[in-house]
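**Student:** with the sequence up front, the predicted model follows.
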Amino acid sequence: FKAAMLSKLGYLVLRDSYHSDGFRLARFAEGFEPQQGVQNQSGAFEILFDCNPQFYLDSGQSYTTVANNGTISNPTKFNALPPIQIAFSSTTRNGTVTVNGRTITITGAEGTPLYIDCETQNAYRISSNVKLSQNGKITLDSDFPFLKPGSNTVAYTGNISSVQIMPRWWTL
């Protein structure tokens, strides 16, 4: 059990029974040593986690299609950094996506859909379960977009057929 637990690297989803509507990202803060019971038939141990402060709501963990010139509403008091999934209507994969006045220009994207992750600030496509960089295919007029508390506007132009956003709502 100890080897299996310590083989997990980086931050992973941590859920608890007190907050069934979301999760935190956590990692092991340090190793642990089980105290073995009688004849090694039981054991007790304490696990220390290092958690990010964000409590991610399950309601923000799936993609939502946003109509052109549509809105998406952030129910929390914190800016969210979503991944945006963009599908194109032709083999010419050019266009713009604007969220709250922040525009991403896409020129010659390869494959569809194109993903733009506003948290990691990366653009990529997926081929055979591998993320392939598309960072050279996008330009931004300012910083990456975010979803502010309340109503957020989304618009797109060019050969874009649909835009889906995973809001990643979070609170403390």
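**Tutor:** Arrived safely, thanks for sending.
**Student:** right, and the helix or strand after the strand ranked longest in the chain?
**Tutor:** When the chain is scanned for its longest strand (criterion: DSSP state E), the result is strand 150-158. Under the assignment DSSP states H and E, the closest C-terminal helix or strand after strand 150-158 is strand 160-165.
**Student:** now do the helix or strand that comes right after that following strand: which elements does it pack against?
**Tutor:** For strand 160-165, the following helix or strand on the C-terminal side (DSSP H and E) is strand 170-171. Identification of packing neighbours for strand 170-171 by 3 or more Cβ pairs under 8 Å, 6 or more residues apart in numbering; DSSP states H and E yields strand 55-57. C-beta: built from backbone N, CA, C; applies to glycine.
**Student:** give the partner strands of the helix or strand just after the strand it packs on in its sheet and their orientations.
**Tutor:** Toward the C-terminal end, the helix or strand that comes next after strand 55-57 (DSSP H and E) is strand 64-66. Strand partners for strand 64-66, identified by DSSP bridges, are recorded as strand 160-165 (antiparallel).
**Student:** which parts of the partner strand are buried?
**Tutor:** Within strand 160-165, the residues that qualify as buried are 160, 163-165, counting by 16 or more other Cβ atoms under 10 Å.
**Student:** so what touches the longest strand of the chain?
**Tutor:** Strand 150-158 is touched from outside by 66-74, 86, 94-101, 106, 163, 165, with contacts defined as Cβ atoms under 8 Å, 6 or more residues apart in numbering.
**Student:** buried subset of these?
**Tutor:** Burial of the contacts of strand 150-158 was assessed by neighbour count (16+ other Cβ under 10 Å); the buried members are 66, 72, 74, 86, 94-99, 106, 163, 165.
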